[in-house]
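In: here's a sequence, model it:
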Amino acid sequence: QVHPVESGGGSVQAGGSLRLSCASSRRAKCTYDMSWYRQVAGKEREFVSSLDSDGLTKYAGSVKGRFTISQDSAENTVYLQMSSLKPEATAMYYCQKVELCGHSDITTYWGRGTQVTVSS
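Out: The predicted structure is shown next:
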């Protein structure tokens, strides 16, 4: 699938954990930066975490130390392990795939999202 497909969302109590998955196809001779964003209805989409083609990871300050991004290259899947979840983490979580082929052919793809709900 060219566009990422997210899964793993659900409802959990505060303090609990969830692992989100993002599966997508990849093309040979292209590199990929993968990111997770989240959005609450009526608010702007915000950055959560990223994993670039060099293996460098980044996190939003609000999730650092509690969320971990990783990937299974063989499965073309990126994961977001979320622990110690707080009610404010409730949002639709989206996977973004940025594909770079050659020197300047950059394409961004978004998934349809997976809902995470954290109850207090």
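
In: contact partners of stretch 61-80?
Out: The contact list for stretch 61-80 (C-beta atoms under 8 Å, 6 or more residues apart in numbering) reads 19-26, 34, 36, 48-51, 57, 59, 81-85, 88-89, 93, 95. C-betas here are computed from N, CA, C, even on glycine.

In: of these, buried ones?
Out: The neighbour count (16 or more other C-beta atoms under 10 Å) marks 20-24, 34, 36, 48-51, 59, 82, 85, 89, 93, 95 as buried among these.

In: for Val12, helix, strand, or coil?
Out: Secondary structure assignment for Val12 (DSSP: H, G, I helix; E, B strand; the rest coil): strand.

In: wait, isn't it in contact with Ser120?
Out: No: using C-beta atoms under 8 Å as the test, Val12 is too far from Ser120 to be in contact (11.2 Å).

In: more neighbours: those two, which one.
Out: When neighbours are counted by other C-beta atoms under 10 Å, Val12 comes out ahead of the other of Val12 and Ser120, with 17 against 9.

In: ok, the more buried one to Asp72 distance?
Out: In this view, Val12 and Asp72 are 23 Å apart by C-beta to C-beta, to the nearest Å.

In: now do Cys101
Out: According to C-beta to C-beta, Cys101 stands 22 Å off from Asp72.

In: element containing the spatially most central residue of the chain, please.
Out: Taking C-alpha atoms, centre = their mean, the centroid of the chain lies closest to Trp36, which sits 2.6 Å from it. Element membership for Trp36 (DSSP states H and E) is strand 30-39.

In: on the pLDDT front, check Asp33 for me.
Out: Note on Asp33: pLDDT of 97.

In: what's the burial count for it?
Out: By other C-beta under 10 Å, the burial measure for Asp33, its neighbour count, is 17.

In: sounds good, over and out.
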